[in-house]
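> Sharing a model prediction with you, sequence too.
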Amino acid sequence: MMDQRTKYVEKLSTQIIAWDVQIERLRDTAENATDGEKFDYWLSGEILQHKRSRAVEMLCSMAATGNTQWEKLKSETEEIRRDLRSFLRAVAME
């Protein structure tokens, strides 16, 4: 039986893979966009990539922390997940 931390790490790992797909779709959309839209798509992709990278850093840290630190990282990661969901909705990728 998996503990709560292991389940969360697996859930976050799956989410990161989904973000990778969405970032790639956004970059593909940027390639086919008008010149005026390309920068907006590019910027959106960069923002998503940055947030995704931060989530990966936190995921790696979770494996090496104690319970108190893990709860803090989980809380921060949930904030990143909410930000990413909101951002993806704003750019109509979710």
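Received the coordinates, thanks.

> in stretch 16-24, what counts as buried?
By 16 or more other C-beta atoms under 10 Å, the buried positions in stretch 16-24 come out as 19, 22-23. The way it works is simple: take the backbone N, C-alpha and C, and place the C-beta from them, glycine included.

> For Ile16, give me its contacts.
With contact taken as C-beta atoms under 8 Å, 6 or more residues apart in numbering, Ile16 is in contact with 52, 55-56, 59.

> Which entries within these meet the buried criterion?
52, 55, 59.

> Just give me the neighbour total for Leu12.
20 (other C-beta atoms under 10 Å).

> secondary structure class for it?
Secondary structure state of Leu12, per DSSP: H, G, I helix; E, B strand; the rest coil, is helix.

> how about it, what does it touch?
For Leu12, the contact set (C-beta under 8 Å, 6+ apart) comprises 55, 59, 77, 81.

> and which of the residues you listed is nearest Phe87?
Arg81 (10.7 Å; C-beta to C-beta).

> quick one: low-confidence ranges for this structure?
Scanning the chain for pLDDT under 70 picks out the ranges 1-2, 92-94.

> tell me the centre residue of it?
Nearest to the mean C-alpha position of the chain, by C-alpha atoms, centre = their mean, lies Arg52 at 3.6 Å.

> Find the nearest non-adjacent residue to that residue, please.
Leaving aside its sequence neighbours, Arg52 sits nearest to Trp19 (C-beta to C-beta, 6 or more residues apart in numbering; 4.8 Å).

> Next: Thr29.
Tyr41 (5.6 Å).

> any idea what that neighbour is structurally, helix, strand or coil?
Look at Tyr41: counting by three-state DSSP, its state is helix.
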